[in-house]
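**Student:** I would like the atomic coordinates for the input below:
(one chain, ligands or ions: 1)
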Amino acid sequence: MVEFKNVFYTYPNGQHALHNVNLEIADGEFVFVVGSNGAGKSTLIKLMLRELTATQGSVTVNGYNLSKLKQRKVPEFRRTIGVVFQDYRLIPELTVYDNVAFALRVTDAPKRYIRSRVPYVLSLVGLSHKAKSRPEDLSGGEQQRVALARALVNDPEIIIADEPTGNIDPQRSYEIVDLLHQINNCGTTVLMVTHQHELVKYFGGRIININTGSIVFNEVIGGQDGASGGQYETDEF
Ligand code: ADP
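**Tutor:** Residues are numbered from 1 along each chain as shown. This is a model prediction of the structure:
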């Protein structure tokens, strides 16, 4: 669950990035966040991850009021979120298996659990056969699937994907969003930031458009694959 109430964010240099943002994302939703460069998308995500705190207003994510969250509680909070970045951020020296296992090891998960959980999430993203490979031996799409497995391994309540298909060729981009939809169908909330309007139009669903720090569009639209079941078509965003 994500809730922004009258949120403003101004950077220390005085740059206003978000202006009175109100937003609710319920558990189990799939949401695309779109907007041009400099619109405020990264700032919105940084507030959700508690990398920044709102200048004014309140941000609540997965039951944590981030405006009041104590620093020592931040790691516990972050474990409720899986994050996927455009540039994958895998550790080059580690195998696929160890990249995913690493995210569990840092939480002191029991070894037995790691041994069963890692193969499971690798099978979910279709990469069981690449467990022993290193990131450099994988395609961009495969590396992003590893990053997705790593985001999933702690069983987060929400996956936040920041331009996850930005470095991937268009055909593979659809596969990544398909995978995010499958993850969403199993109950995990998904928020995906993208520039690729063709993806948004194809899949449909809830679209949040940010423009110069304000939400200017927040509706469900129909997709072309019938997967998301939006209520109507629009060209507004
Ligand atoms: P987007 O992710 O949509 O491209 P951002 O959230 O990065 O947009 O930026 C929103 C606004 O905040 C822009 O005007 C940008 O120039 C400004 N901004 C972003 N990061 C910083 C920063 N660290 N310091 C000052 N201004 C920033």
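**Student:** Now do the helix ranked longest in the chain, average pLDDT.
**Tutor:** Longest helix in the chain, counting residues (DSSP state H): helix 170-185. For helix 170-185, mean pLDDT is 92.
**Student:** List the buried residues in it.
**Tutor:** Arg172, Ser173, Tyr174, Ile176, Val177, Leu179, Leu180, His181, Ile183, Asn184 (16 or more other C-beta atoms under 10 Å). For the C-beta atoms, the positions are set from N, CA and C on the backbone; glycine is no exception.
**Student:** Any chance of TSV for these, columns distance to the ligand?
**Tutor:** As requested, the buried residues of helix 170-185 are arranged in TSV below (distance: C-beta to the nearest ligand atom, whole Å):
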residue	distance to the ligand
Arg172	23
Ser173	19
Tyr174	23
Ile176	19
Val177	19
Leu179	23
Leu180	19
His181	23
Ile183	23
Asn184	23
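**Student:** Columns distance to Gln15 on top of these, output as TSV?
**Tutor:** TSV is the format used below for the buried residues of helix 170-185 (distance: C-beta to C-beta, whole Å):
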residue	distance to Gln15
Arg172	35
Ser173	31
Tyr174	35
Ile176	32
Val177	31
Leu179	35
Leu180	31
His181	35
Ile183	34
Asn184	34
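**Student:** Out of the residues you listed, the closest to Phe77 would be?
**Tutor:** Closest approach between the buried residues of helix 170-185 and Phe77, by C-beta to C-beta: Ile183, at 20.5 Å.
**Student:** in the chain, which spans are strands?
**Tutor:** Under the criterion DSSP state E, the chain contains strands at 2-10, 16-25, 30-34, 56-61, 64-65, 81-85, 158-162, 189-193, 205-211, 214-221.
**Student:** got these as TSV, with mean pLDDT, mean neighbour count and distance to Leu47 columns?
**Tutor:** Converted to TSV, the strands of the chain look like this (pLDDT from 0 to 100; neighbours: other C-beta atoms under 10 Å; distance: least, C-beta to C-beta, whole Å):
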stretch	mean pLDDT	mean neighbour count	distance to Leu47
strand 2-10	98	18	6
strand 16-25	97	18	8
strand 30-34	97	23	12
strand 56-61	98	18	5
strand 64-65	98	15	12
strand 81-85	96	21	12
strand 158-162	97	23	11
strand 189-193	97	23	12
strand 205-211	95	20	12
strand 214-221	94	16	13
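**Student:** if we can go back for a sec, elements contacting the longest helix of the chain?
**Tutor:** Applying 3 or more C-beta pairs under 8 Å, 6 or more residues apart in numbering; DSSP states H and E, one finds that helix 170-185 contacts strand 30-34, helix 140-152, strand 158-162, strand 189-193, helix 197-203.
**Student:** Which of these sits closest to the ligand?
**Tutor:** strand 189-193 (7.5 Å; C-beta to the nearest ligand atom).
**Student:** And the closest one, what does it pack against?
**Tutor:** Going by 3+ C-beta pairs under 8 Å, 6+ apart, strand 189-193 lies up against strand 30-34, helix 41-48, strand 158-162, helix 170-185.
**Student:** hmm, 7 Å instead?
**Tutor:** If contacts are counted by 3 or more C-beta pairs under 7 Å, 6 or more residues apart in numbering; DSSP states H and E, strand 189-193 sits against strand 30-34, strand 158-162, helix 170-185.
**Student:** So what touches that strand?
**Tutor:** Here strand 189-193 makes contact (C-beta atoms under 7 Å, 6 or more residues apart in numbering) with 25, 27-33, 41, 45, 157-164, 180, 183-184.
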